[in-house]
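Enquirer: quick one, what's the 3D model for this:
(chains A and B)
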Amino acid sequence: QKEVEQNSGPLSVPEGAIASLNCTYSDRGSQSFFWYRQYSGKSPELIMSIYSNGDKEDGRFTAQLNKASQYVSLLIRDSQPSDSATYLCAAFGNFGNEKLTFGTGTRLTIIP
Amino acid sequence: EPEVTQTPSHQVTQMGQEVILRCVPISNHLYFYWYRQILGQKVEFLVSFYNNEISEKSEIFDDQFSVERPDGSNFTLKIRSTKLEDSAMYFCASRTGFNEQFFGPGTRLTVL
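Expert: Predicted coordinates for the structure are as follows:
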């Protein structure tokens, strides 16, 4: 069974600090990876995508991918109270498996 | 900015009744998806749709479920005879040829 694993948290981070979220995946055929933010009762909102090994930065967010270790991470710099949400890691598969497989999400709370 | 829309936002139905959930994907997108999220659980893939046919479906998507693209804009999910365990948030998503999927706001289905 293809799985995406995340620490469910909760993860508490002081305002202004760096929040670090981690994810591992089991399907080596996964070709791209995504981080979604989900506020309570709302739909997933795409915040980052990463396709190749290394780092990808977008504003306060940095995604990191290590395909050898099957590991994806998301760093949020200068954390704000509005970043408090559940962060979902998702893997997109290869041909014939072209769908998102989600982790259970990590609940992040930014403490003012 | 283009977005996926879904109607209704909340649907209450009696067990055994048929429901149709409606979605309007982003206009230039080619691939369409339905996911569901039972309260407190992970987002789960139901079905993907491309070129007017189902490209992949999960074990959840049994004979009670069907999808249709009746015209150039709408994408529907029908549940023929709802069960209590069908109560969940149902999300429609769409993408272009790239893998980034954008989610609609969801329909909360409550089966009594």
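
Enquirer: A:Glu3: neighbour count?
Expert: 11 (other CB atoms under 10 Å in any protein chain shown). Just so you know, the C-beta spots here come from the backbone N, C-alpha and C atoms, and that holds for glycine as well.

Enquirer: mind checking how far the closest residue to it other than its chain neighbours is from chain B?
Expert: Of all residues not flanking A:Glu3 in the chain, A:Ser26 sits nearest, at 4.6 Å (CB to CB, 6 or more residues apart in numbering or on different chains). Distance, A:Ser26 to chain B, by CB to the nearest CB, to the nearest Å: 14 Å.

Enquirer: over to A:Ile50?
Expert: From A:Ile50 to chain B the distance is 11 Å (CB to the nearest CB).

Enquirer: that residue reaches A:Leu65, doesn't it?
Expert: Yes: applying CB atoms under 8 Å as the test, A:Ile50 and A:Leu65 come out as touching, 4.7 Å apart.

Enquirer: quick check: phi and psi at A:Gln64.
Expert: phi -130, psi 140 (degrees, to the nearest 10).

Enquirer: any idea what it is bridged to?
Expert: Beta-bridge partners recorded for A:Gln64 (DSSP bridges): A:Asp55, A:Ser73.

Enquirer: test my guess that it contacts A:Asp55.
Expert: Yes: assessed by CB under 8 Å, A:Gln64 is found in contact with A:Asp55 at 5.2 Å.

Enquirer: overlap in contacts of A:Ile50 and A:Leu65?
Expert: A:Phe33, A:Lys56, A:Val72 (CB atoms under 8 Å, 6 or more residues apart in numbering or on different chains).

Enquirer: what are the boundaries of the strands in chain A?
Expert: Listed in chain order, the strands of chain A (DSSP state E) span A:4-6, A:11-14, A:19-25, A:32-38, A:45-50, A:54-58, A:61-66, A:71-76, A:85-92, A:100-102, A:106-111.

Enquirer: pick out the residue nearest the middle of chain B.
Expert: Taking CA atoms, centre = their mean as the criterion, B:Trp34 is the residue nearest the geometric centre of chain B, at 3.4 Å.

Enquirer: is that residue located within a strand, as I assumed?
Expert: Yes: the assignment for B:Trp34 (DSSP: H, G, I helix; E, B strand; the rest coil) places it in a strand.

Enquirer: burial of residue 14, as a residue count?
Expert: I'll assume chain A. 11.

Enquirer: please refer instead to chain B.
Expert: By other CB under 10 Å, the residues close to B:Gln14 number 8.

Enquirer: that one contacts B:Asp86, correct?
Expert: No: at 11.8 Å, B:Gln14 does not count as touching B:Asp86 under the criterion of CB under 8 Å.

Enquirer: shared neighbours of those two, anything?
Expert: By CB under 8 Å, 6+ apart, the residues touching both B:Gln14 and B:Asp86 are B:Val111.

Enquirer: is stretch B:52-66 positioned near chain A?
Expert: Yes: Stretch B:52-66 comes into contact with chain A (CB under 8 Å from any CB of the partner chain), by way of B:Ser55, B:Glu56.

Enquirer: good, we can wrap up now.
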